[in-house]
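Structure of the sequence below:
(one chain, ligands or ions: 1)
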Amino acid sequence: MIEVRELTKRYGRALAVDRLSFEVRPGEVTGFLGPNGAGKSTTMRVVLGLAAPTSGAALVGGRPYTSLRRPARQVGALLDAGALHPGRSALSHLRWLARENGIGDARVAQVLEQAGLAGVARRRAGGFSLGMKQRLGIAAALLGDPGILLFDEPVNGLDPDGVRWIRELMREMAAEGRTILLSSHLMSEMELTADRLIIIGRGRLIADTSVRELADRFGQGVLVRSPRAADLAEVLTGAGAAVASGPAGCLSVSGLEVSDIGDLAARHGIAVHEMSPRGASLEEAYLRLTAGSGDHAAPGHGTAR
Ligand SMILES: Nc1ncnc2c1ncn2[C@@H]1O[C@H](COP(=O)(O)OP(=O)(O)OP(=O)(O)O)[C@@H](O)[C@H]1O
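The predicted model follows:
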């Protein structure tokens, strides 16, 4: 479990995080979203003891990171995949990290294998592609077999195979009961990977929601097709729905659930040939929620419709 409580972080006069509170629970992948400059990296850095809070607290497993006795065994993180000694091989980088944390060499071989780097373990990390560096950063995060993992933009620079590998790894780790906090700007990827979402803007909490709740909240009603569309429209309007007629017997209905529409149609003996709830895409929902809270929110860009 990660707990962020009333966390505020200032850099001089700039307020990077502003009384932010949320929890990240075990057994789920929690996506961490927000426009550029929203405060995601700063929050992660405070959780990992790399920056001190101005006020409030961030706890991992109930304690501040800095008070953990063997942090690598409890918390793993990928923040900046480029932060490597370029002259070291992947193997010696991981062995060095393992030794620092009292972890045996056998585990190094395991994480190299898991990250798909066993074949290049002796090559200089400085010559690695961005994708290979990401994999090495992930291998390092996994070294201590921690129950809590934080990943800042882990799919950056990964090819489609790599993106799928990350997605499956995250899902597996959550299924093992680990706590996973994952930041990414790739909405399509979040939709496939995350169970819950924490969305922030200008350092503040905008939403703490499940992926499904968010898509439903911005859903665009139900598309209904009937050979007696006009009759059905009258019945549905009478029941309080807002109905817009489209071509070929299609109605766009909001204000009633699919089950209510079906029941009403049946009660009036009106055949229905199709009903499909139209959820908003996660990207649409996200853009509407965060409209105006970006660093560079331009007029007409991502504004609420
Ligand atoms: N070391 C620092 N010194 C001064 N200001 C900082 C520092 N680190 C972050 N900030 C500022 O704090 C705010 C939050 O930045 P942060 O990097 O946490 O956002 P982010 O959500 O991770 O953004 P991105 O999606 O672009 O990575 C920004 O306005 C940034 O300029």
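
Which residue, neighbours along the chain excluded, lies closest to Asp159?
Nearest non-adjacent residue to Asp159, counting by Cβ to Cβ, 6 or more residues apart in numbering: Gly131, 6.0 Å away. The way it works is simple: take the backbone N, C-alpha and C, and place the C-beta from them, glycine included.

Just give me the neighbour total for the one you found.
Residues contacting Gly131 under the criterion other Cβ atoms under 10 Å number 18.

Looks like it contacts Pro160 (just checking).
No. With contact defined as Cβ atoms under 8 Å, Gly131 does not count as touching Pro160 (10.7 Å).

Are there residues contacting both of the two? Which ones?
Counting by Cβ atoms under 8 Å, 6 or more residues apart in numbering, Gly131 and Pro160 have no contacts in common.

on that earlier part again, where does the residue nearest to Asp159 land on pLDDT?
pLDDT for Gly131: 86.

Ok, Gly82 next?
As predicted, Gly82 sits at a pLDDT of 65.

Mind listing residues that contact the one helix or strand Val29 maps to?
According to DSSP states H and E, Val29 maps onto strand 28-33. Residues outside strand 28-33 that contact it (Cβ under 8 Å, 6+ apart): 24, 40, 43-44, 170-171, 174, 179-185, 190, 193-200, 211, 286, 290.

same deal with stretch 250-261?
Around stretch 250-261, the neighbours that count as contacts under Cβ under 8 Å, 6+ apart are 220-226, 229, 232-233, 236, 239-246, 264, 272, 275, 277-278.

What are the contacting residues of the longest helix seen in the chain?
When the chain is parsed with DSSP state H, its longest helix is helix 160-175. Contact with helix 160-175 is made by 27-29, 114, 116, 131, 134-135, 138, 149, 151, 154-155, 158, 180, 182, 189, 192-193, 195, as judged by Cβ under 8 Å, 6+ apart.

Which of those fall within strands?
Per DSSP state E, strands hold the following members of those: 28-29, 149, 151, 180, 182.

quick one: which two of those residues are the most distant?
Using Cβ to Cβ, the ones in strands among the contacts of helix 160-175 reach their maximum pairwise distance at Glu28 and Phe151, which is 14.0 Å.

Common neighbours of these two, please.
Joint contacts of Glu28 and Phe151 (Cβ under 8 Å, 6+ apart) are Ile180.

quick one: pLDDT of the residue lying closest to Leu192 once chain neighbours are set aside?
Spatial nearest neighbour of Leu192, chain neighbours left out: Arg167 (5.9 Å); criterion: Cβ to Cβ, 6+ apart. Looking at Arg167, its pLDDT reads 92.

Narrow the contacts of strand 28-33 to just the buried residues.
Among the contacts of strand 28-33, those classed as buried by 16 or more other Cβ atoms under 10 Å are 24, 40, 43-44, 170-171, 174, 179-184, 190, 193-200, 211, 286, 290.

And the helix or strand bottoming out on mean pLDDT in the chain, what's buried?
In the chain, no helix or strand scores lower on mean pLDDT, DSSP states H and E than helix 211-217, which sits at a mean of 78. For helix 211-217, burial by neighbour count (16+ other Cβ under 10 Å) applies to 211, 214-215.
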